[in-house]
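Novice: Below are the sequence and a predicted model for it; my questions follow.
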Number of protein chains: 2
Amino acid sequence: MKPNILVIAGHDPSGGAGIHADIEAIHSLGGFAATLITGLTVQNSQNVLGFELVSTDLLQRQADALLADMRFDAVKIGMTGSPDIIAFIARLLDRLPGVPVVLDPVLAAEAGGSLSGETVPTAMLRELMPRATLTTPNLPEAQKLAGTDTLDDCGARLLDAGCPAVLITGTHDDTPEVRNHLYTAEGVQHWAWPRLPGTYHGSGCTLASACAAHLGAGLPLPTALAQAQDYVHGALRHAWQAGQGQLIPDRLTTGQPHERG
Amino acid sequence: MKPNILVIAGHDPSGGAGIHADIEAIHSLGGFAATLITGLTVQNSQNVLGFELVSTDLLQRQADALLADMRFDAVKIGMTGSPDIIAFIARLLDRLPGVPVVLDPVLAAEAGGSLSGETVPTAMLRELMPRATLTTPNLPEAQKLAGTDTLDDCGARLLDAGCPAVLITGTHDDTPEVRNHLYTAEGVQHWAWPRLPGTYHGSGCTLASACAAHLGAGLPLPTALAQAQDYVHGALRHAWQAGQGQLIPDRLTTGQPHERG
């Protein structure tokens, strides 16, 4: 048996981000991904050019079919796209009591371009933060959600919104190290990684899905977080150029950074 | 660098078939998958309950974004869904001269239920067979496409339609062995595998994607076909029960059947 992970996220046809990243990361870490696609994007490794959201009616029929058939061990939420879809997700999470939920609050795709309208952050804060076990914003996303600037203030506001573990990632900075900060009721903890050259498509999706795969396998949160960051760092170290833009993390690598056989 | 495989197929939210199977198989075999989703299905491991097709306008915008950014080493086609989408695919293939194309002519999902209207087989025969390098129907699909009953007649008709290599799989039979027959201008060749107990979700998608991954990596057709079948047999041997219906092939296994570490 593998842990079943329910992924609710967007689709990136270029394969770098969205459910591709989720499926590859969960698959590589020994889990199994079922996916509800919130929106179909038009993008490649260079740009986000547009998107079409999926109707909540179709999403509801898909969710009903899945929940009638499968038990889920964790949920990963990525791009939501609209307040209506966020409301649908909140109702769905209420049908999965006790299941760990990782919320990657995607507010703009990493290749540039807005993937969500103006009211999404408010809906996300109210409906999803209190239902999440862990949220994994990068600092710009945390700032937009929290409506405040400093790291510590962002951490405090997202904890206040009801999410018990807030990991704010430092990938979008330009410091020599990437520092990821975890805020919980116990305080703050951080991890530092050497910043790799280049920019990466789908690194945030990969991290959140790795966390969900590990939580779904029953790992405690601190272990899941440490192993997931280690996995992502390995995937970034082995990234390659599939198109002409951002590098693609090699999610087939597992755990510790290592050379592929 | 990994071979880039362009997948054109349906989405199965339950993760057994469609682009999930394609992404997992291509990823496990060292390739990279970009995907154009032709249709969003409502299904689980027990039943296909419905589907909505994606507009050819959105597919066109996605294809344009991908082709402007990436070079493709092979194409895998699964569920097409409508004659309009088939016409779109035919025009897209004409923009990728010399790239090997694997056509898995999905006419009904393996869990039961029709995924295509009546005119799809005719359009597929006229537009896609002449553009394919390899087609991988199961016998019921071959019979529907060829409009004839016997294996040899089906092989001959699909060769006549312009596809130079026709692999008709025997998974949907109940003989002690699964026999897969390859028809080419040189004659017929077959492979036999012990039939495993149970039924499997997405085994056809897995086989076609494994063929595309190997052809994209530059393997000659006979080697690609032999290795792909070997890979699928390994994945089926390690299948597990994710939901309450069909078993899910473990596509993380690679190549020779082996016990997982």
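Specialist: Structure received.

Novice: from what I can see residue A:19 touches residue A:5, true?
Specialist: No: shown here, residue A:19 and residue A:5 do not form a contact pair, counting by C-beta atoms under 8 Å, at 11.2 Å. Any C-beta I mention is one placed from the backbone N, CA and C, and that applies to glycine too.

Novice: what touches both of the two?
Specialist: Listed contacts common to residue A:19 and residue A:5 are residue A:33; contacts here mean C-beta atoms under 8 Å, 6 or more residues apart in numbering or on different chains.

Novice: Now do the same for residue A:227: helix, strand or coil?
Specialist: Judged by DSSP: H, G, I helix; E, B strand; the rest coil, the three-state class of residue A:227 is helix.

Novice: Tell me how many other residues surround the residue lying closest to residue A:95 once chain neighbours are set aside.
Specialist: For residue A:95, ignoring the flanking residues on the chain, the nearest one in space by C-beta to C-beta, 6 or more residues apart in numbering or on different chains is residue A:67 at 6.2 Å. A count of nearby residues for residue A:67, using other C-beta atoms under 10 Å in any protein chain shown, gives 16.

Novice: What parts of the stretch 51-200 of chain A come near chain B?
Specialist: Contacts of the stretch 51-200 of chain A with chain B, taken as C-beta under 8 Å from any C-beta of the partner chain, map to A:52, A:54, A:58, A:61, A:62, A:65, A:66, A:68, A:69, A:70.

Novice: Rebuild those residues as CSV, extending it with distance to residue A:82.
Specialist: What follows is those, written out as CSV (distance: C-beta to C-beta, whole Å):
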residue, distance to residue A:82
A:52, 11
A:54, 10
A:58, 14
A:61, 18
A:62, 16
A:65, 22
A:66, 21
A:68, 25
A:69, 27
A:70, 26
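
Novice: Can you tell me which of those residues end up in helices?
Specialist: Judged by DSSP state H, these include A:58, A:61, A:62, A:65, A:66 as members of helices.

Novice: Neighbour-wise, give me the winner out of those.
Specialist: Ranked by neighbour count (other C-beta under 10 Å), these have residue A:62 at the top, with 26 neighbours.

Novice: before we move on, the earlier item: wait, the residue nearest to residue A:95 sits on residue A:93?
Specialist: No: using C-beta under 8 Å, residue A:67 is not in contact with residue A:93; the gap is 11.4 Å.

Novice: Pull up the overlap in contacts between the two.
Specialist: By C-beta under 8 Å, 6+ apart, no residue touches both residue A:67 and residue A:93.

Novice: Identify each buried residue in the lowest-mean-pLDDT helix or strand in chain A, please.
Specialist: One helix or strand of chain A scores below all others by mean pLDDT, DSSP states H and E: helix A:120-123, with a mean of 90. Across helix A:120-123, burial judged by 16 or more other C-beta atoms under 10 Å in any protein chain shown covers A:120, A:121, A:123.

Novice: Tell me the helices and strands packed up against it.
Specialist: For helix A:120-123, the packing partners by 3 or more C-beta pairs under 8 Å, 6 or more residues apart in numbering or on different chains; DSSP states H and E come out as helix A:83-94.

Novice: can you do 6 Å?
Specialist: On a contact count with 3 or more C-beta pairs under 6 Å, 6 or more residues apart in numbering or on different chains; DSSP states H and E, helix A:120-123 meets no helix or strand.

Novice: Relative to the whole chain's centre, how far out is that helix?
Specialist: Relative to the centre of its chain, helix A:120-123 is centred 16 Å away, using C-alpha atoms, centre = their mean, to the nearest Å.

Novice: for stretch A:156-176, same thing?
Specialist: Centroid displacement of stretch A:156-176 relative to its chain, using C-alpha atoms, centre = their mean, is 13 Å.

Novice: same thing with stretch A:221-239?
Specialist: How far stretch A:221-239 lies from its chain's middle: 13 Å, per C-alpha atoms, centre = their mean.

Novice: quick one: is that stretch near chain B?
Specialist: No: for stretch A:221-239 and chain B, the contact criterion (C-beta under 6 Å from any C-beta of the partner chain) is not met; the two come no nearer than 10.5 Å.

Novice: Other residues contacting that stretch?
Specialist: By C-beta atoms under 6 Å, 6 or more residues apart in numbering or on different chains, the surrounding residues in contact with stretch A:221-239 are A:165, A:191, A:193, A:196, A:200, A:206-207, A:210-211, A:214-215, A:247-251, A:253, A:255, A:257.

Novice: Can you list the buried residues in stretch A:71-87?
Specialist: Judged by neighbour count using 16+ other C-beta under 10 Å, the buried positions of stretch A:71-87 are A:72-83, A:85-87.

Novice: in the stretch 151-261 of chain A, which spans are helices?
Specialist: Counting by DSSP state H, counting those that start in this stretch, the stretch 151-261 of chain A has helices at residues A:151-160, A:203-216, A:221-237.

Novice: for the residue of the stretch 51-200 of chain A found nearest chain B, phi and psi?
Specialist: Nearest residue of the stretch 51-200 of chain A to chain B, counting by C-beta to the nearest C-beta: residue A:69, 3.6 Å away. Main-chain torsions, residue A:69, degrees, to the nearest 10: phi -120, psi -30.

Novice: For the closest residue in space to residue A:217 that isn't next to it in sequence, give me its contacts.
Specialist: In space, and not counting its chain neighbours, residue A:217 is closest to residue A:3: 4.9 Å by C-beta to C-beta, 6+ apart. By C-beta under 6 Å, 6+ apart, the contact list for residue A:3 reads A:31, A:73, A:216, A:217.

Novice: mind checking how far the third one is from residue A:210?
Specialist: Think residue A:216. For residue A:216, the distance to residue A:210 (C-beta to C-beta, to the nearest Å) stands at 11 Å.

Novice: give me the number of residues near the nearest residue to residue A:241 once chain neighbours are set aside?
Specialist: The shortest distance from residue A:241 to any non-neighbouring residue, by C-beta to C-beta, 6+ apart, is to residue A:247 (5.9 Å). Residues within reach of residue A:247, counting by other C-beta under 10 Å, total 22.

Novice: Show me what residue A:247 is bridged to.
Specialist: Counting by DSSP bridges, residue A:247 forms beta bridges with residue A:200.

Novice: For the residue of the stretch 101-250 of chain A found nearest chain B, report the pLDDT, please.
Specialist: Nearest residue of the stretch 101-250 of chain A to chain B, counting by C-beta to the nearest C-beta: residue A:243, 3.9 Å away. pLDDT recorded at residue A:243 is 95.

Novice: Next, the contact list for it, please.
Specialist: Residues in contact with residue A:243, defined by C-beta under 6 Å, 6+ apart, are A:44, A:45, B:69, B:70.

Novice: so the third one makes contact with residue A:44?
Specialist: Read it as residue B:69. Yes: assessed by C-beta atoms under 6 Å, residue B:69 is found in contact with residue A:44 at 3.7 Å.

Novice: ok, these two, which is more surrounded?
Specialist: Set residue B:69 next to residue A:44 and count neighbours by other C-beta under 10 Å: residue A:44 wins out with 28 against 18.

Novice: what pLDDT does that one get?
Specialist: The predicted local confidence for residue A:44 is 95.

Novice: tell me the contacts of residue A:62?
Specialist: If you count contacts by C-beta under 6 Å, 6+ apart, residue A:62 has them with A:36, B:13, B:42.

Novice: Tell me which helix or strand the closest residue to it other than its chain neighbours sits in.
Specialist: Using C-beta to C-beta, 6+ apart and skipping residues adjacent in sequence, the residue nearest residue A:62 is residue B:13, 4.5 Å away. Using DSSP states H and E, residue B:13 is not contained in any helix or strand.

Novice: ok, now which ones touch residue A:139?
Specialist: Going by C-beta under 6 Å, 6+ apart, residue A:139 touches A:168, A:172.

Novice: now it: how far from residue A:152?
Specialist: Using C-beta to C-beta, we find residue A:139 at a distance of 12 Å from residue A:152.

Novice: How about residue A:106?
Specialist: For residue A:106, the distance to residue A:152 - C-beta to C-beta - is 23 Å.

Novice: helices and strands around the lengthiest strand in chain A, which ones?
Specialist: Ranked by residue count under DSSP state E, the longest strand found in chain A is strand A:32-43. Applying 3+ C-beta pairs under 6 Å, 6+ apart, one finds that strand A:32-43 contacts strand A:4-11, helix A:18-28, strand A:48-53, helix A:56-67, helix B:56-67.
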